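Undergrad: got a predicted structure here, sequence first:
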Amino acid sequence: MSGHNKWASIKHKKAAADSKRGAAFTKIIREITVAAKSGGGDPNMNPRLRTAIQAGKDANMPAENVERAIKKGTGELEGVTYEEVTYEGFGPGGTAMLVACLTDNKNRTASEIRSIFGKNGGNMGGAGTVAWMFEKKGLIVVSHTGTTEDQLMEVAINGGAEDMAAVGETFQVTTAPSDLWVVREAIEKAGIKIESANLVMNPKNMTAVDAGVARTVVKLLEALEDHDDVQNVYSNADIPDEVMKELA
């Protein structure tokens, strides 16, 4: 099985704080716009858009914001044109990182992401440097509150999930990309609340780091996540439980 990413659990906590200052909304709006542009404005025919809209709902984004973002993507309203670009690199302790961005100026973004890597003990590499260490998966995050591991395991596996594990204060359910919505719906029909459900780049194997290195890894990850053009950061760092508790 591929690695279970503790950073995904940390990101969920961070997203809750981001939503309070609007940072999460900005990232979701960009994703909705690009998804609508690339696959059309009908979420029933565009799985990426459907996922992005659900992320907006999960973050309590007003419906008019979602509708406006879709119209910008389909060209019904004027808006900024964003390009998708993924940067690759290494963090402290030889950890691998993928940085998925939506930008209106690739040269500027590349320079700024390279600077963030350099200032936080990492190095940005070229295309293909670490991408082979990750694979696209569906990832559903469920809180320990309101369900048990056995209950969720039965529902998730029967619904078509590939794997499940307890990670920090959450359960992570892994699916094939095409099965994300089917498994999500199965979990929700069982009355289990989902905290997030997204397509992600999941590490195939984890890189163990000690607590000291893990703190510097998290600092780099957070600095990358805070950049306006960054949509997602993926890492194969196996963060020790003691550091997870500090961040909780």
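TA: Arrived safely, thanks for sending. Numbering: from 1, shown residues only.
Undergrad: and the gap between the residue nearest to residue 169 when sequence neighbours are not counted and residue 152?
TA: In this structure, residue 169 finds its nearest non-sequential neighbour in residue 144, 5.7 Å apart by C-beta to C-beta, 6 or more residues apart in numbering. Every C-beta, even on glycine, is put in place using the N, C-alpha and C of the backbone. Distance, residue 144 to residue 152, using C-beta to C-beta, to the nearest Å: 9 Å.
Undergrad: ok, and the closest non-adjacent residue to residue 89?
TA: Distances taken as C-beta to C-beta, 6+ apart place residue 124 nearest to residue 89, at 4.0 Å, with adjacent residues excluded.
Undergrad: please apply the same query to residue 209.
TA: The nearest residue in space to residue 209 (C-beta to C-beta, 6+ apart) is residue 93, at 4.1 Å.
Undergrad: break the protein down into its structural domains.
TA: Split into domains by automatic domain parsing, the chain comes to 18-74, 83-132+205-240, 133-203.
Undergrad: to residue 247, which of those domains lies closest?
TA: For residue 247, the closest of those is domain 83-132+205-240, at 6.8 Å, according to C-beta to C-beta.
Undergrad: ok, back up a step: how many residues are close by the residue nearest to residue 169?
TA: Neighbour count of residue 144, defined by other C-beta atoms under 10 Å: 13.
Undergrad: residue 156 against residue 172, yeah?
TA: No: if you go by C-beta atoms under 8 Å, residue 156 and residue 172 don't touch, sitting 10.1 Å apart.
Undergrad: and for the two, which residues touch both?
TA: The contact sets of residue 156 and residue 172 overlap at 140, 164 (C-beta atoms under 8 Å, 6 or more residues apart in numbering).
Undergrad: and the two? which has more neighbours close in?
TA: For the pair residue 156 and residue 172, the greater number of neighbours falls to residue 156 (25 against 21), based on other C-beta under 10 Å.
Undergrad: in this protein, which spans are helices?
TA: For the chain, the helices defined by DSSP state H cover 6-20, 23-39, 47-58, 63-74, 106-119, 149-159, 180-189, 211-225, 241-247.
Undergrad: and these as CSV, adding distance to residue 200 and mean pLDDT?
TA: Below are these laid out as CSV (distance: least, C-beta to C-beta, whole Å; pLDDT from 0 to 100):
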stretch, distance to residue 200, mean pLDDT
helix 6-20, 7, 61
helix 23-39, 13, 92
helix 47-58, 11, 92
helix 63-74, 21, 95
helix 106-119, 19, 97
helix 149-159, 16, 95
helix 180-189, 10, 95
helix 211-225, 14, 93
helix 241-247, 18, 78
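Undergrad: looking at these, which is closest to residue 82?
TA: helix 23-39 (5.5 Å).
Undergrad: elements contacting the closest one?
TA: In terms of contacts (3 or more C-beta pairs under 8 Å, 6 or more residues apart in numbering; DSSP states H and E), helix 23-39 is packed against helix 6-20, helix 47-58, helix 63-74, strand 96-103, strand 230-235.
Undergrad: between residue 144 and residue 152, which contacts overlap?
TA: In contact with both residue 144 and residue 152: residue 171, using C-beta under 8 Å, 6+ apart.
Undergrad: contacting residues for residue 83?
TA: Neighbours of residue 83 in contact, by C-beta under 8 Å, 6+ apart: 102, 103, 104, 106.
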